[in-house]
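Q: Here is my input; please provide its structure:
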Amino acid sequence: MATQKELAFEDAMEQLEMIVSQLERGDLPLDKSLEAFEKGASYVKQCQDKLSAAEMRIEKIMKTKEEK
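A: Residues are numbered from 1 along each chain as shown. Below is the predicted model:
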(Lines give C-alpha, C1' and ligand atoms only; values in the text may rest on other atoms or scores of the structure.)
Protein backbone atom coordinates (compact mmCIF):
# COMPACT_ATOMS: atom_id res chain seq x y z
CA MET A 1 0.00 0.00 0.00
CA ALA A 2 1.17 3.53 -0.72
CA THR A 3 2.06 5.59 2.30
CA GLN A 4 -0.64 7.88 3.60
CA LYS A 5 -0.07 11.61 3.18
CA GLU A 6 1.51 13.03 6.32
CA LEU A 7 -1.19 14.86 8.27
CA ALA A 8 -1.26 17.02 11.35
CA PHE A 9 -1.79 14.95 14.50
CA GLU A 10 -5.37 16.14 14.95
CA ASP A 11 -6.24 15.42 11.31
CA ALA A 12 -4.72 11.94 11.48
CA MET A 13 -6.70 11.25 14.67
CA GLU A 14 -9.90 12.45 13.00
CA GLN A 15 -9.29 10.13 10.03
CA LEU A 16 -8.53 7.28 12.40
CA GLU A 17 -11.74 7.87 14.35
CA MET A 18 -13.76 7.80 11.12
CA ILE A 19 -12.13 4.52 10.10
CA VAL A 20 -12.79 2.98 13.51
CA SER A 21 -16.45 4.02 13.25
CA GLN A 22 -16.72 2.40 9.82
CA LEU A 23 -15.14 -0.81 11.06
CA GLU A 24 -17.28 -0.92 14.20
CA ARG A 25 -20.48 -0.65 12.13
CA GLY A 26 -19.43 -3.86 10.41
CA ASP A 27 -21.19 -3.02 7.16
CA LEU A 28 -18.10 -2.90 4.93
CA PRO A 29 -17.26 -5.87 2.72
CA LEU A 30 -14.13 -7.78 3.72
CA ASP A 31 -11.84 -6.22 1.12
CA LYS A 32 -12.95 -2.69 2.08
CA SER A 33 -12.55 -3.55 5.78
CA LEU A 34 -8.99 -4.69 5.17
CA GLU A 35 -8.25 -1.56 3.18
CA ALA A 36 -9.70 0.63 5.94
CA PHE A 37 -7.73 -1.27 8.59
CA GLU A 38 -4.52 -0.77 6.62
CA LYS A 39 -5.18 2.97 6.30
CA GLY A 40 -5.97 3.11 10.01
CA ALA A 41 -2.69 1.40 10.87
CA SER A 42 -0.88 4.04 8.83
CA TYR A 43 -2.64 6.83 10.75
CA VAL A 44 -1.81 5.12 14.06
CA LYS A 45 1.88 5.08 13.09
CA GLN A 46 1.75 8.76 12.11
CA CYS A 47 0.19 9.64 15.46
CA GLN A 48 2.68 7.54 17.41
CA ASP A 49 5.58 9.16 15.56
CA LYS A 50 4.26 12.65 16.25
CA LEU A 51 3.68 11.86 19.93
CA SER A 52 7.20 10.44 20.26
CA ALA A 53 8.66 13.55 18.63
CA ALA A 54 6.65 15.78 20.96
CA GLU A 55 7.78 13.78 23.99
CA MET A 56 11.44 14.09 22.97
CA ARG A 57 10.99 17.82 22.44
CA ILE A 58 9.43 18.23 25.89
CA GLU A 59 12.23 16.21 27.50
CA LYS A 60 14.80 18.42 25.75
CA ILE A 61 13.03 21.58 26.97
CA MET A 62 12.83 20.25 30.53
CA LYS A 63 16.50 19.23 30.49
CA THR A 64 17.51 22.67 29.24
CA LYS A 65 15.37 24.31 31.91
CA GLU A 66 16.95 22.17 34.65
CA GLU A 67 20.45 23.16 33.51
CA LYS A 68 19.73 26.87 34.04
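
Q: Can you point out the buried residues in stretch 45-55?
A: Judged by neighbour count (16 or more other CB atoms under 10 Å), stretch 45-55 contains these buried residues: 46, 47, 50. All C-beta atoms are positioned from the backbone trio N, CA, C, and that covers glycine.

Q: Check which residues of the lengthiest helix in the chain are buried.
A: Taking DSSP state H as the assignment, the helix of the chain that covers the most residues is helix 30-67. Of the residues in helix 30-67, those with enough neighbours to count as buried (16+ other CB under 10 Å) are 36, 39, 40, 42, 43, 46, 47, 50.

Q: Let's have the residues you listed in TSV, adding distance to residue 18 and pLDDT.
A: Conversion of the buried residues of helix 30-67 to TSV gives the following (distance: CB to CB, whole Å; pLDDT from 0 to 100):
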residue	distance to residue 18	pLDDT
36	9	98
39	10	97
40	9	97
42	14	96
43	10	97
46	15	96
47	14	97
50	18	96
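
Q: Let me have the residues you listed in CSV, extended by distance to residue 61.
A: Converted to CSV, the buried residues of helix 30-67 look like this (distance: CB to CB, whole Å):
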residue, distance to residue 61
36, 37
39, 33
40, 31
42, 29
43, 27
46, 23
47, 21
50, 16
